[in-house]
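Student: Okay, structure incoming, though there's no sequence with it:
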């Protein structure tokens, strides 16, 4: 009797129960997911030996609760060996160093990512810096021969995304964007149901991504002595450091709060939009394309100096060439697909539900369109380091999805109804095309070979 097979079968059965009960998935879909996983393991997975382990560096660590720390831990769980950590805040750097050491990873500490990238022993990096650094570091990493796992949103501008994609293709690096909902079975099921016409023609997709916080004027104070503030600003304009605390919340420009400043991010449009608009793109079969028009309305942000400046509330409407509308709103959280005859499917990280339970519960036919299967985003990246295949959220997918978000930000900030050519990746008018990129403060720039 083969106890190994029995053990494997028992593991699959336990996983199946978890997928159905824990995630609200129909048993037919959970079973198919596990079969696909097992087949993939047999086909692709060469077991990672000590000599095959990914040797990695973490660029942008953040606090113990940050995404930078989370993805580093995810990679460690997939047998990656970290040998370097890099952060511009000495407090985070020191904490990450000891965190890694306690997990059996002896790391060198760096404040300058270029010194980390110069190491020949590192073959992959995780990048979890603020958005305005993603393109510069990712391009430098790929040119240094490193594969990349970069947190979403991929870039700060559309032009940066084009440059990152071009470099990835020129260097043939593996590049995973951290839009991890592509590795969540609930979202894949929703997308497969939509792709296979379960709702008929899709009239509207709504992505609900929450509102942006407001701060009022934040006072200018000296930056913490452990933080290299000028280096943190990098290619963005030189400004004062600001910080205040109220009701146990810190208001500032950096660390987690950078998200609410257009200089460094795009607010919820690029923060959660990079997740949910990515799912809309996946379901609509638009991974290599995008909408043809966008218009937006929203509450004007504060005009006070040194205050959060992203639109607090908003509604952005995209139109695709098929006539389908994508409406991105500052409400609740999730993705809702509406088709014909009032049929709909709603999905978020906690559930999938429909106007009629049968829409989800009835199996798809044998000849149905099937999407790529991944149930662990970092494991998918690690597998691709071995196989050299493109991961579930390849760099171009990440670029196209965040382009949708950038279009929404541009429509909000300009107040214009914009016409977009997804093939040329340009607006119909030259004035709007000025928004495709932003000036970069010297000496920071990137060059695409």
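Tutor: Done, it's in. Predicted model, so just to flag it, every value in this text is computed and none were measured. Residues are numbered from 1 along each chain as shown.
Student: residue nearest the centroid of this structure?
Tutor: In the chain, the residue lying closest to the centroid (CA atoms, centre = their mean) is residue 152, at 2.7 Å.
Student: Three-state assignment for the residue nearest to residue 103 when sequence neighbours are not counted, please.
Tutor: Excluding its sequence neighbours, the residue lying closest to residue 103 (CB to CB, 6 or more residues apart in numbering) is residue 76, at 5.8 Å. No exception for glycine: its C-beta is placed from N, CA and C like everyone else's. With DSSP: H, G, I helix; E, B strand; the rest coil as the basis, residue 76 sits in helix.
Student: can you pull the pLDDT of residue 76?
Tutor: Note for residue 76: predicted pLDDT of 97.
Student: now residue 120
Tutor: 97.
Student: before we move on, what about residue 6?
Tutor: Here, the pLDDT recorded for residue 6 equals 42.
Student: what's the answer for residue 448, then?
Tutor: 74.
Student: Checking it next. Helix, strand or coil?
Tutor: Following three-state DSSP, the label given to residue 448 is coil.
Student: What about it, how many residues nearby?
Tutor: The number of residues packed near residue 448 is 12, by other CB atoms under 10 Å.
Student: so it touches residue 168, yeah?
Tutor: No: in this structure, residue 448 is not within contact of residue 168 by CB atoms under 8 Å, at 10.4 Å.
Student: ok, back up a step: now the residue nearest to the centre of the chain. Nearest residue, chain neighbours left out?
Tutor: Leaving aside its sequence neighbours, residue 152 sits nearest to residue 274 (CB to CB, 6+ apart; 4.1 Å).
Student: before we move on, which element is that neighbour in?
Tutor: In this assignment (DSSP states H and E), residue 274 forms part of helix 273-283.
Student: packing partners for that helix?
Tutor: With contacts taken as 3 or more CB pairs under 8 Å, 6 or more residues apart in numbering; DSSP states H and E, helix 273-283 sits against helix 185-195, strand 204-208, strand 325-329, strand 334-338, helix 395-414.
Student: What average pLDDT does it get?
Tutor: In the prediction, helix 273-283 has an average pLDDT of 98.
Student: quick one: contacts of that helix?
Tutor: 152-154, 179, 181-182, 187, 190-191, 194-195, 202, 205, 207-209, 266, 286-287, 290, 326, 328, 333-335, 337, 347, 371, 393, 397-398, 400-402, 404-405, 408 (CB atoms under 8 Å, 6 or more residues apart in numbering).
Student: Kindly recompute the last result at 7 Å.
Tutor: Helix 273-283 has contacts (CB atoms under 7 Å, 6 or more residues apart in numbering) with 152-153, 179, 181-182, 187, 190-191, 194-195, 205, 207, 209, 287, 326, 328, 335, 337, 400-402, 404-405, 408.
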